[in-house]
Structure formats: C-alpha cells, structure tokens
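*Asks:* Below is the structure, and that's it, no one-letter string:
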Ligand SMILES: [Cu+2]
C-alpha cells in the first residue's frame, strides 16, 4: 500500500500538477513574462504625439486589426485643453488628447509599446514633469514596465493581451490622483479570439471622467486641478470623451433598426457611473468588455472607476437616444450625449 502511495507521489502527482497548468494554458493561451523594459533618450521629431495603426481618437474605433504584432507609441504631453468652448484647462495627456487615443487589438496580439515623456517640449505652464503608464490590458511587473520616466526619456517594452475586454490605461506617477484629474487616461479594446459573437451596424468608444478645475493663481483665465475638490470627490464636470456635454453637439450617428455597440470606460478618477441610454434597453452587456461576462436586457449598468462594459442595443425607431450617467447630478455636470437616429 505504502509503495503504491509513493508511486503516486513520485510519478503521478507531477503529471496531475502539470496537467492542471496545461489546461489553464490551453483554455486561454496566455503568455506570461516579457523582456525587461528599455530606457532611452531618443524622442520622436514629428509633431504628432502618438503613432500606431491600432489607435484612433474617441469616439472613433479602428476596425479589427490584421496581424498579431502592433507598434504603438504614446507621448505624455502638457497642453491647454478645452472642457467646453473657451474654458481652458491645464491638462496633462497621453497623445496630446483627453482622453488619450483608443487602442484596438485582439486577444493574443503582442504590442511593442513606447512611452515617451515630451512634457518638456510642450510645457506652457507647469515645470517639466515625470510620467508613466499603467496598462490594465497587460500583465507586467509594475516596477519595471510602469516605472516613472523623466522628461526627455522613452521607455519601450512589449506585452501580450491575454484577456479580452475594455481596459483603462493611465499615468501611475504619484500623486496618481493629480495625474488622473489632469487627464492622463485612455481605453484599450482587446477583442476576443475569433471576434465578438454579434454583428453591429455602429460602434463607438465612450470614456467617462471627472474634472475638478479651479482658476489658476496667475489669473490668465485658465483653470488647473483643484486638490481639495478632488479629495472631496466633488467634481465640477463629469464628461463623456473629454468635454462637457460633448456628444449633445457631436451626436453619435445611427439609423432606426441599427444594432449599436458602445465600448464604455469609466476613467474616474473617483466616481462610479450608472450608465443608461434613454429609450432603449441593453440587449447584451459584457461586463469589463468580456463576452464571458454576459448580462441580458439591462436598463442601467454600474461601472466602477477604472471599470468598463460593452453595451449593445437596438435602435427601436427614429429618435434621439440620450446616454446619461443616471446618477443625475453627474448627468447635470456634463455626462450626457446623444445617439442620433432621427433620420432613416
Ligand atoms: Cu503623469
């Protein structure tokens, strides 16, 4: 009997353990581990502050990319952004936009990623500032790949997208709250292997975030981050895609009968979102953007700070369908926008 048990432990147990590991790998085909990040000083000379065929400006979403390896560069910059026309905010950005560019890749794809810190070149109002990037779509050592780099530096590393979803990326340099409130966040879409189980007529990216501005002491008419309001979670503006009520003026276009997919990310930094579209019901909701997390027939989806959802709905008839954060104080602070299907 004792000999039999020994046989089990010596020969069979390792196989059982190995089998367990293999089945996890087979289920997801995950890739773990990456070469060390490389720190450099070669800054791009072009005026464009990002590059990569898989990038677009929200609400636009690039089509599913071909190929399995993508080169992506995002630059950290400082710029005067407008939260609404004429209202100037001292923003810190990825790609010189708030939110940063939308990255669309596929599960299993590899990204050769470069962060460049160009805060030095673009400085207008704050001292050159260290920055970093934390990619929620990746699984990497934060101490190596998400390290803070000085102005004038670049950091290059690679990663593989193990899980499908809609993921946040953001600056993770202390004080993180300040870098987030200043505008340093964006969306990565990782499409499942084999694509989504539905076909849609329209698709858009919507990033919700909060702004906490106060007039800056130099009284040049611009605004900057208000630490007190941010720590009290008391935003002046809650916005979709970087601007107060932006998609009331720039509606997302659809037609009656269309199936619409929204990739929705709540970048925060502080509030949840109760995302709702007036006049329809979400046929499918994939929490965190992963079709394995499916809910049906939902009126409102609760999305935490740094969380996301893909929502799909049918436009039932001609009309203007208003997206809101149904925490209505947030809607009044700017988290409203239209899906316009008033024309056939
Ligand atoms: Cu930063």
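*Replies:* On my side now, so go ahead. Computed from a prediction, not measured in an experiment: that's the story for all the values here.

*Asks:* Tell me the residues of the stretch 1-150 of the chain that contact the ion?
*Replies:* Counting by Cβ under 5 Å from the ion, the stretch 1-150 of the chain comes close to the ion at residue 131. Glycine gets a C-beta too; all of them are placed from N, C-alpha and C.

*Asks:* And the residue of the stretch 1-150 of the chain that's closest to the ion?
*Replies:* In the stretch 1-150 of the chain, the residue that lies nearest the ion is residue 131 (3.4 Å; Cβ to the ion).

*Asks:* residue contacts, the closest residue to that residue other than its chain neighbours?
*Replies:* Once flanking residues are discounted, residue 131 sits nearest to residue 76: 3.9 Å by Cβ to Cβ, 6 or more residues apart in numbering. Residue 76 is in contact with 92, 93, 94, 115, 116, 117, 118, 119, 131, 133, 171, 184, counting by Cβ atoms under 8 Å, 6 or more residues apart in numbering.

*Asks:* quick one: which of these is nearest residue 216?
*Replies:* Distance to residue 216 across those (Cβ to Cβ) is lowest for residue 92, with 14.1 Å.

*Asks:* tally of neighbours for that closest one?
*Replies:* Per other Cβ atoms under 10 Å, the neighbour tally for residue 92 reads 25.

*Asks:* Need the three-state assignment for it.
*Replies:* strand (DSSP: H, G, I helix; E, B strand; the rest coil).

*Asks:* Repeat that for residue 178.
*Replies:* Residue 178 - assigned by three-state DSSP - is helix.

*Asks:* OK, contacts around the nearest residue to it once chain neighbours are set aside?
*Replies:* Distance criterion Cβ to Cβ, 6+ apart; nearest residue to residue 178, sequence neighbours excluded, is residue 225 at 5.8 Å. Neighbouring residues of residue 225 by Cβ under 8 Å, 6+ apart: 90, 178, 181, 182, 212, 213, 214.

*Asks:* any idea which strand is longest in the chain?
*Replies:* Longest strand of the chain, by residue count under DSSP state E: strand 69-84.

*Asks:* So which residues of the chain form helices?
*Replies:* Remark: helices assigned in the chain by DSSP state H are 2-7, 13-28, 119-122, 142-145, 176-181, 227-231, 246-249, 328-332.

*Asks:* what's the least confident helix or strand in this structure, going by average pLDDT?
*Replies:* Least confident helix or strand, the chain: helix 13-28 with a mean of 40, by mean pLDDT, DSSP states H and E.

*Asks:* what's the burial count for the residue nearest to residue 234 when sequence neighbours are not counted?
*Replies:* Using Cβ to Cβ, 6+ apart and skipping residues adjacent in sequence, the residue nearest residue 234 is residue 212, 7.2 Å away. Using other Cβ under 10 Å, residue 212 has 25 other residues around it.

*Asks:* what does residue 41 give?
*Replies:* Neighbour tally, residue 41, other Cβ under 10 Å: 9.

*Asks:* Verify the stated contact: it with residue 151.
*Replies:* No. Using Cβ atoms under 8 Å, residue 41 is not in contact with residue 151; the gap is 10.6 Å.

*Asks:* For the ion, give me its nearest residue in the stretch 201-344 of the chain.
*Replies:* residue 225 (11.7 Å).

*Asks:* can you pull the pLDDT of that residue?
*Replies:* We have a pLDDT of 89 for residue 225.

*Asks:* bridging residues for it?
*Replies:* Listed by DSSP bridges, the beta-bridge partners for residue 225 are residue 213.

*Asks:* Please tell me how far it sits from residue 89.
*Replies:* Counting by Cβ to Cβ, to the nearest Å, the gap from residue 225 to residue 89 is 9 Å.

*Asks:* can you list residues touching both of the two?
*Replies:* residue 213.

*Asks:* now residue 318, nearest residue through space, not along the chain?
*Replies:* residue 256 (4.7 Å).

*Asks:* which residues sit in contact with that neighbour?
*Replies:* Residue 256 neighbours (Cβ under 8 Å, 6+ apart): 315, 316, 317, 318, 319, 341, 344.
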